[in-house]
Each structure stands twice: as C-alpha cells, then as structure tokens.
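generate a structure from the sequence data that follows.
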Amino acid sequence: MNPATATAFQLPIWFDLGATFAFALTGALAAIKRGYDVVGLLSIAIVSGIGGGLIRDGIFLQQGVTPLLSDPRYLYVIGGAALLGLLLGERVNRFHRLIALVDALGLGAYACFGVQKSLLAGLGPTAAVFVGVVNAVGGGILRDLLTREEPLVFKPGQFYVLVALAGAVTFVVLTVQTALHAMAAALIAIALTFVFRVLTIAFNWRTGAVSAVKILPESR
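Model (predicted):
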C-alpha cells in the first residue's frame with residue numbers, strides 16, 4: 001500500500017474551527033473597509049473562511065458534498081466572525097497578533113489537510129502539493145477578487161504562499177518518502193510552517209517584484 005494513503009490524520013475540530021474563524025474575520029474586516037452591507041459582509045466572510053476548501057472539494061477532488069457545508073459548525077463560526085467584525089470594527093486590530101498566530105497555525109494545517117485529501121483521492125505528490133497550497137490560500141484569493149483587489153498573494157510582500165508551500169512539501173516528503181505516520185508528519189509540517197510564518201512576520205521577510213529578462217537587444 002502506498003505509505004501516503006496508509007495512514008491519515010484528523011484535525012481536532014476546535015483547531016479547524018478556530019482557523020476558519022480567523023480567516024473569516026479577515027474577510028469580514030475587508031468587507032467593512034469596503035463599505036459593504038450585511039449580505040456582502042457575510043459573503044466575504046464565508047469565502048475567506050472556507051473558500052480554499054470549497055475550491056479543493058468542488059473543483060479538484062469532486063467527492064460529493066463537502067463537510068464544510070454539511071457540518072453547520074463551520075457556518076456558525078463564520079457568522080460569529082462576521083458579527084465580531086461588525087461589532088468591533090477597527091478595534092479588532094488590537095488583536096492582530098493573536099489573529100496572525102491563529103492564521104499561521106491554520107495556514108500549515110490547511111496545507112497538510114489539502115495534501116492528505118488529495119493523496120487519498122489518488123493524486124500524485126506534485127498535484128497534491130498544488131491542491132494543498134490552494135486549500136491554504138484560496139480563501140484569501142477569492143476574498144481579494146470579490147472585493148476587486150489585486151490578490152495580495154500575487155504582489156510583493158511577506159512570505160505567505162511560500163510558507164504554505166513549505167508546509168505542503170514537508171508533509172509530502174515525510175509521508176511519501178519516509179513513510180512517517182500522517183499525524184506525526186502533519187504535526188512536524190504545521191510546526192515548521194508556524195515557525196516560518198512567525199519569523200516572516202517578526203523579521204519582515206518579503207518577496208520582490210519580478211523584472212523581465214532582456215534576451216534580445218533593444219532596437220534603435
């Protein structure tokens with residue numbers, strides 16, 4: 001049996017819901033800054049909270065009804081995040097460090113979970129890493145597109161997609177190459193991703209803009 005599919009890890013539901021809450025709260029704050037009504041606020045909170053998972057299950061894996069919608073607790077915490085954002089508004093920025101820490105944990109966890117579901121569905125390691133990264137950052141991309149912003153992950157800024165990629169690759173290497181139990185591999189990958197993201201925030205490690213490579217001489 002393929003070692004990648006021989007074992008599986010399961011996120012504690014409180015962990016998953018906490019990360020969903022943090023992601024949804026960022027969407028709620030983005031909607032408030034744009035001046036959206038309550039429908040817009042809830043919509044942006046939903047796509048921010050579970051958008052990556054919806055892309056994973058609805059587009060890439062297509063394995064039936066996603067648990068993100070069949071389990072009402074996800075929508076409950078998203079509603080709570082939207083309500084908190086509505087009540088506190090800009091004051092919620094006082095808790096930006098806590099939100100960033102939860103986001104860092106959720107980033108690695110979602111990357112690993114997306115990779116695992118992809119491997120169990122029969123995808124190869126490379127495709128599974130891709131789906132894992134999309135699972136981790138897809139909600140933020142949808143949030144930016146719906147609010148008519150250039151996706152932040154595409155612009156120069158602090159490492160984010162690279163952090164998710166590091167977590168996904170680590171999980172694949174540990175499960176596929178070393179046959180480590182999925183739970184142990186996930187804990188290692190999540191811890192690595194968390195530390196990488198925290199260091200990125202602390203030291204402001206950033207990507208730079210890509211410039212075109214000049215191959216042909218300029219015409220005169």
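
what sits against the residue nearest the centre of the chain?
With distances taken as Cα atoms, centre = their mean, A136 lies nearest the centre of the chain, 2.1 Å away. The contact partners of A136, taken as Cβ atoms under 8 Å, 6 or more residues apart in numbering, are G52, G106, L107, G108, Y110, A111, G114, A164, G167, A168. Glycine gets a C-beta too; all of them are placed from N, C-alpha and C.

the last one touches T126, doesn't it?
The one in question is A168. No: contact criterion Cβ atoms under 8 Å: A168 and T126 do not qualify, at 10.4 Å.

so G108 sits in a helix?
Yes: assessed by DSSP: H, G, I helix; E, B strand; the rest coil, G108 belongs to a helix.

ok, back up a step: and A168 and T126? which has more neighbours close in?
Using other Cβ atoms under 10 Å, the more surrounded residue of A168 and T126 is A168, with 30 against 9.

could you find the closest non-adjacent residue to that one?
Nearest non-adjacent residue to A168, counting by Cβ to Cβ, 6 or more residues apart in numbering: G132, 3.7 Å away.

show me what secondary structure element comes after the lowest-mean-pLDDT helix or strand in the chain.
Among the helical and strand segments of the chain, the one scoring lowest on mean pLDDT, DSSP states H and E is helix 3-6, with a mean of 46. Scanning forward in sequence from helix 3-6 by DSSP states H and E, the next helix or strand is helix 13-33.

quick check: buried residues in that following helix?
Using 16 or more other Cβ atoms under 10 Å as the test for burial, helix 13-33 gives 16-32.

please apply the same query to stretch 152-161.
Along stretch 152-161, these residues count as buried under the neighbour rule (16+ other Cβ under 10 Å): L152, V153, F159, Y160, V161.
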